[in-house]
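>>> this is the structure alone, sequence omitted:
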């Protein structure tokens with residue numbers, strides 16, 4: 001019985017120390033949308049969403065803000081791990097921001113996300129009607 005306590009202590013330490021690598025912890029901060037591509041079978045095209053000039057702020061507690069020259073929006077974000085295929089999991093990302101007075105809404109649901117270059121780049125993918133959209137965010 002005494003052998004279980006050190007094992008529990010070590011296991012607890014590993015979970016706590018690995019917590020900073022979770023996607024939920026890596027997204028907290030200010031981000032800029034730098035590029036959006038619309039991709040289909042043999043081609044791709046850079047498109048504008050109208051949100052490239054602002055800043056996305058993601059906070060602990062899954063709240064978020066967006067601000068640009070037009071104004072501000074507030075709402076929430078969420079990252080979830082979902083099973084995909086037999087043994088694969090993917091992190092999905094949902095972002096919902098609103099400013100009803102200015103008639104502005106962001107309601108994005110990404111099928112998968114990928115953090116790159118030490119967490120300073122976030123690439124999110126969205127499948128819609130035969131197209132794949134690739135959103136690239138960079139940490140400010």
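Yes, it's here. Being a predicted model, the structure only gives us computed values, none of them experimental.

>>> and the residue most central in space within the chain, what are its bridge partners?
A centroid search over the chain (CA atoms, centre = their mean) returns residue 93, at 4.8 Å, as the residue closest to the centre. Beta bridges link residue 93 to residue 79, residue 110, judged by DSSP bridges.

>>> just checking, it touches residue 82?
No - if you go by CB atoms under 8 Å, residue 93 and residue 82 don't touch, sitting 10.9 Å apart. Yep, even glycine has a C-beta here, placed from its N, CA and C like the rest.

>>> if I pick the residue nearest to the centre of the chain, what's in contact with it?
Residues in contact with residue 93, defined by CB atoms under 8 Å, 6 or more residues apart in numbering, are 77, 78, 79, 108, 109, 110, 112, 113, 124.

>>> which residues in this structure form strands?
29-40, 43-47, 55-58, 63-67, 72-84, 88-99, 104-110, 112-116, 121-128, 131-139 (DSSP state E).

>>> pairing partners for the second one, with directions?
Strand pairing for strand 43-47, determined by DSSP bridges: strand 29-40 (antiparallel).

>>> quick one: the strand it pairs with to strand 131-139, angle?
160 degrees (axes from the mean of the first three to the mean of the last three CA atoms, to 10 degrees).

>>> rounded mean pLDDT for strand 29-40, please.
Mean per-residue pLDDT for strand 29-40: 97.

>>> quick one, what contacts the closest residue to residue 52 other than its chain neighbours?
Sequence neighbours aside, residue 33 is the residue nearest to residue 52 in space, at 5.1 Å (criterion: CB to CB, 6 or more residues apart in numbering). Contacts for residue 33 were tallied using CB under 8 Å, 6+ apart; they are 49, 51, 52, 54, 56, 135, 136, 137.
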